[in-house]
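> sequence-free structure coming up:
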C-alpha cells in the first residue's frame, strides 16, 4: 500500500484529484488554497495536521495570511504513494 | 508604533534577536526552527498562530515535518516594524 505508484496508477489517481497538479521534478502533487482570512486558513491547517499525524504522513506546506500551499510526496518511497492520494482526498474534503 | 524601522532602530532590535537573520531583499527577518517531531512543530505553530491573530500580524511560514521556517515583515509598511520585533520575541520565547 505504501509503494511508489506506477505512472498508470498515478494518472488514474490524479484523475480523481483535478485541483492538484503534478510536480514532475519532485514527483509530488501540489495544490494552492485561498481562504477568507488567517483564522480560516489556520483552522484548515489544524484539521489537516491532525489527520496527517493520525496517518503518520505529513505535508510540506506554507502559509501566508489567507493562503496555503501544500505539496504531497512520500520521501521514503521517493515519489507518490497511496498515502499521498488518501491525504489529498482528505484535504479536498476539508477545503470544501 | 507600526512605522518602518530606521536602520539604526533595526540594528538595535536585531541585537536582541541573535537567532534571526536579516533578509535585505525582502526587508524581513527569518529564523529556522527544528523540533523533535511534527507534533512538536505544529504545537509551536499553533501557539504562534494564536498570538499572530491576537496581534493581527501574521508570519510567512513553511513546515516540513519537524522543521519550521518563519519570515516576518510588515507588508503595509514595506519593511520591518515594531510588530515584527514583538512577534519575533514572542516566537523566541515559545521556541524556548
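Here it is on my side, so go on. Please read all numbers here as calculations on a predicted model, not as lab measurements.
> contacts and neighbour counts: CA atoms only from here.
Fine.
> Quick check: residues of chain A near chain B?
A:38-39, A:42, A:46, A:49, A:53, A:58-65 (Cα under 8 Å from any Cα of the partner chain).
> export the residues you listed to CSV and tack on neighbour count?
Output for the residues of chain A next to chain B, formatted as CSV (neighbours: other Cα atoms under 10 Å in any protein chain shown):
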residue, neighbour count
A:38, 22
A:39, 16
A:42, 22
A:46, 16
A:49, 20
A:53, 14
A:58, 25
A:59, 21
A:60, 15
A:61, 20
A:62, 20
A:63, 23
A:64, 17
A:65, 21
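> Pick out the most distant pair among these.
Pairwise distances among the residues of chain A next to chain B were taken by Cα to Cα; the largest, 23.2 Å, belongs to A:53 and A:65.
> which residues does residue A:38 contact?
A:65, A:66, A:67, B:53, B:58 (Cα atoms under 8 Å, 6 or more residues apart in numbering or on different chains).
> Downstream of the helix or strand hosting the fourth one, the next helix or strand is which one?
With elements delineated by DSSP states H and E, residue B:53 resides in helix B:38-55, which encompasses its position. Tracing the chain C-terminally past helix B:38-55 and defining elements by DSSP H and E, one meets strand B:60-64 next.
> The residue in chain A that chain B sits nearest to: what's it in contact with?
At 3.9 Å from chain B, residue A:62 is the closest residue in chain A, using Cα to the nearest Cα. By Cα under 8 Å, 6+ apart, residue A:62 lies in contact with A:68, A:69, A:70, B:60, B:61, B:62, B:63.
> among those residues, which two are most distant?
Taking Cα to Cα, no two of the contacts of residue A:62 sit farther apart than A:70 and B:60, at 14.1 Å.
> Let me know the secondary structure of the residue lying closest to residue A:69 once chain neighbours are set aside.
Closest residue to residue A:69 apart from its sequence neighbours, by Cα to Cα, 6 or more residues apart in numbering or on different chains: residue A:32 at 4.4 Å. Using DSSP: H, G, I helix; E, B strand; the rest coil, the structure places residue A:32 in strand.
> pLDDT value on the residue nearest to the residue of chain A closest to chain B when sequence neighbours are not counted, please?
Nearest non-adjacent residue to residue A:62, counting by Cα to Cα, 6+ apart: residue B:62, 3.9 Å away. Among the per-residue scores, residue B:62 shows a pLDDT of 98.
> what's across from residue B:62 in the sheet?
For residue B:62, the beta-bridge partners are residue A:62, residue B:69 (DSSP bridges).
> how near is the residue lying closest to residue A:65 once chain neighbours are set aside to residue B:53?
Excluding the flanking residues, the one nearest residue A:65 by Cα to Cα, 6+ apart is residue A:38, at 4.8 Å. Note on residue A:38: its distance to residue B:53, by Cα to Cα, to the nearest Å, is 7 Å.
> Residue A:12: neighbour count?
11 (other Cα atoms under 10 Å in any protein chain shown).
> oh, I was asking about residue A:11
The number of residues packed near residue A:11 is 13, by other Cα under 10 Å.
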